[in-house]
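> coords please:
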Amino acid sequence: MTTLRLGTSSYSYWHFTPEVTPLEQVLEAAARLGLAGVELLHRQMASEEPAYLRSLKRRAFQLGLDLYNLSIHQDFVWAEEEERRREIEHTLHCIDLAHELGIPSIRINSGGFRKRAPFSELIAARGWVEPWEGYTLDDGFRWCIDAIEQCLPHAERRGVMLLLENHWGLTTTADGMVRILSSVGSPWLRAILDMGNFYFEPDMYAAMEKIAPYVWLAHAKTYPGGGTVYTLDLDYARIFRILLDAGFTGYVSIEMEGHEPAETAMPKSIALLEAAWRQAIER
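Reported below is the predicted structural model:
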């Protein structure tokens, strides 16, 4: 594939501030920028009512935009079975939402050994990987793998892919990602590469190479104005080349995580990624 299918996550326009940016506003902005599609953040949805879902689907179609992923928040690392069941039920519900929206995939997380602390402490703890007292890392992987396996039959019935992202916890490392993906071994489970989330890997590019064969969607973190959490100097052309060499043919979804307003930061992000893609193709 030599064509860059560039879209944006609605997260680029809303970083969990009290005032939520409407998804309709994100769709309009993406269309003005000439992007191919939008990845919807579940927490950014104003409603789950059928009329609202239909309105988003209709507007995206009118604007010529694909809705290619629904990014959800769930956590399968719980010692309590009833808590894991609650997270599974939430995931099944989001599979149904994606189906109603005509979205072919949802982002899932592995979860991790949370300390009920702010994100800054996740960074200090290097991803919340260390188990709670009395439990082991193997326990966490067992809970996560079992939960994913319970979600897969419904995902297949609905025709919705589960895409596991390197989003801290058990997926802080590429080895953790591969352990889950290979243990489940289902054609309905693949991966999202978040380019900015192998933060604790000694060689983030080697980590990306390790999971690249599984990647069906890429999140391109950009940091105009400096990152809201941290800033990485990413070699996007190198990352694109890694993905292309592994046979990647999916969407690249911008996750603009800088302090600069989206109105000016997004055009810069698009130009940056388009230039990097051209460099990757020429290599």
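> name the residue most distant from the centre of this structure?
No residue in the chain sits farther from the centre than G134, which is 30.8 Å out by Cα atoms, centre = their mean.
> you'd agree that residue is in a helix?
No. G134: not assigned to a helix; according to DSSP: H, G, I helix; E, B strand; the rest coil it is coil.
> so what does it look like in phi/psi?
Taking degrees, to the nearest 10, you get phi 90, psi 0 for the backbone angles of G134.
> OK, contacts around it?
Contacts for G134 (Cβ atoms under 8 Å, 6 or more residues apart in numbering) come out as none. All C-beta atoms are positioned from the backbone trio N, CA, C, and that covers glycine.
> and for A46?
A46 makes contact with V20, P22, L23, Y52, according to Cβ under 8 Å, 6+ apart.
> how much space separates it from L67?
15 Å (Cβ to Cβ, to the nearest Å).
> how many other residues sit next to G227?
15 (other Cβ atoms under 10 Å).
> quick one: the helices in the stretch 101-250 of the chain, in order.
119-124, 137-158, 174-184, 204-211, 236-245 (DSSP state H, counting those that start in this stretch).
> for those, give me a markdown table that also has mean pLDDT, mean neighbour count and distance to R86.
Formatted as a markdown table, these follow (pLDDT from 0 to 100; neighbours: other Cβ atoms under 10 Å; distance: least, Cβ to Cβ, whole Å):
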| stretch | mean pLDDT | mean neighbour count | distance to R86 |
| --- | --- | --- | --- |
| helix 119-124 | 77 | 13 | 21 |
| helix 137-158 | 98 | 18 | 11 |
| helix 174-184 | 98 | 18 | 20 |
| helix 204-211 | 98 | 19 | 28 |
| helix 236-245 | 98 | 19 | 35 |
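> who wins for proximity to R5 among the ones you listed?
helix 236-245 (12.0 Å; Cβ to Cβ).
> then the closest one to CSV, C-alphas only?
Coordinates of each C-alpha in helix 236-245 appear next as CSV, following Å, rounded to 0.1, in the frame of the first residue of the first chain:
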residue,chain,number,x,y,z
TYR,A,236,7.5,8.8,12.1
ALA,A,237,9.0,7.8,8.8
ARG,A,238,10.9,5.0,10.6
ILE,A,239,7.7,3.9,12.3
PHE,A,240,5.7,3.9,9.0
ARG,A,241,8.5,1.9,7.3
ILE,A,242,8.3,-0.7,10.1
LEU,A,243,4.5,-1.0,9.7
LEU,A,244,4.7,-1.1,5.9
ASP,A,245,7.4,-3.8,6.0
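> of the helices of the stretch 101-250 of the chain, which is nearest G37?
helix 236-245 (17.6 Å).
> just the buried residues from the contacts of A46, in ChimeraX please.
Per 16 or more other Cβ atoms under 10 Å, the buried members of the contacts of A46 correspond to this ChimeraX selection:
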select :20,23
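> ok, so of the contacts of A46, who is nearest A207?
Using Cβ to Cβ, the contacts of A46 come closest to A207 at L23, 31.8 Å.
> number of residues surrounding the residue nearest to Y135 when sequence neighbours are not counted?
Counting by Cβ to Cβ, 6 or more residues apart in numbering, the nearest residue to Y135 once its immediate chain neighbours are dropped is A79, at 6.3 Å. As a burial measure, A79 scores 14 neighbours (other Cβ under 10 Å).
> ok, now which ones touch A79?
Shown in contact with A79 (Cβ under 8 Å, 6+ apart): W132, Y135, D139, W143.
> next, give phi and psi for the second one.
When you say that, I think you mean Y135. phi -130, psi 170.
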